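J.: Could you work out the structure for the sequence below:
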Amino acid sequence: MDPLSILFICIGNTCRSPMAEAMARFMGGGRIVAYSAGLNPTGMVAEGSLWTLRELGYPNNGLKSKGIDEVPLGQLDVAVSLIGPSGLRYLPHGLAARLESWSIRDPYGDDEEVYLAVGRILEARILELVDELLDGELPAP
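T.: This is a model prediction of the structure:
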């Protein structure tokens, strides 16, 4: 079975979506290909996001801020907007992927406690999504 691919979208691809990408990639254990992108990418991943991933036990290697045009949209199975429904409007019309809309707080500029709270919310939502996509057969850690 080919791996499933998920895209997480936010504004700057600086905080939420890179965390989501790293978490989904890890949780999928090779059965999920995860991407993240920003509507206006900042070109950097926030140190708070990298810290949160380390704190929660997720590898953060290879994360970089990028735009939607840098993601293979035609190969996506699921696209998740982390900024609510407005993020989905920036995807090409007729995209074959399943579309999800989550409203997740942007922790940019906040302290580690806020980043960690956002990370835990993302972790729970992504675990639920990955479990559903893999039919309840999450890979062993």
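J.: burial count for Asp131?
T.: By the criterion of other CB atoms under 10 Å, Asp131 has 13 neighbours. The C-beta positions use only the backbone N, C-alpha and C, and glycine is treated the same way.
J.: Quickly note the distance from Gly12 to Asn61.
T.: 20 Å (CB to CB, to the nearest Å).
J.: who has more neighbours, those two?
T.: Taking other CB under 10 Å, Gly12 and Asn61 do not tie; Gly12 has more neighbours (20 against 6).
J.: What segments of the chain are helices?
T.: Ranges of helices in the chain, per DSSP state H, are 16-28, 47-56, 112-133.
J.: List just the one of those that sits closest to Ala37.
T.: Relative to Ala37, the nearest member of these by CB to CB is helix 16-28, separated by 6.7 Å.
J.: mind putting the helices of the chain in a markdown table, distance to Leu39 and mean pLDDT included?
T.: Converted to a markdown table, those look like this (distance: least, CB to CB, whole Å; pLDDT from 0 to 100):
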| stretch | distance to Leu39 | mean pLDDT |
| --- | --- | --- |
| helix 16-28 | 10 | 97 |
| helix 47-56 | 17 | 98 |
| helix 112-133 | 18 | 97 |
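J.: and His93, which of the ones you listed is closest to it?
T.: Distance to His93, taken as CB to CB, is lowest for helix 16-28 among the helices of the chain, at 21.6 Å.
J.: which residues touch stretch 104-116?
T.: 10-12, 14-16, 46, 48-49, 51-52, 55-56, 82-83, 117-118, 121-122, 125 (CB atoms under 8 Å, 6 or more residues apart in numbering).
J.: One more: stretch 85-101?
T.: 7, 9-10, 39, 68, 73-74, 76-81, 84, 129.
J.: Could you find the closest non-adjacent residue to the residue positioned nearest the centre of the chain?
T.: What sits nearest the mean C-alpha location of the chain, by CA atoms, centre = their mean, is Ala20, with 2.9 Å. Closest residue to Ala20 apart from its sequence neighbours, by CB to CB, 6 or more residues apart in numbering: Phe8 at 3.9 Å.
J.: my guess is the one you found meets Gly38, correct?
T.: No: contact criterion CB atoms under 8 Å: Phe8 and Gly38 do not qualify, at 9.8 Å.
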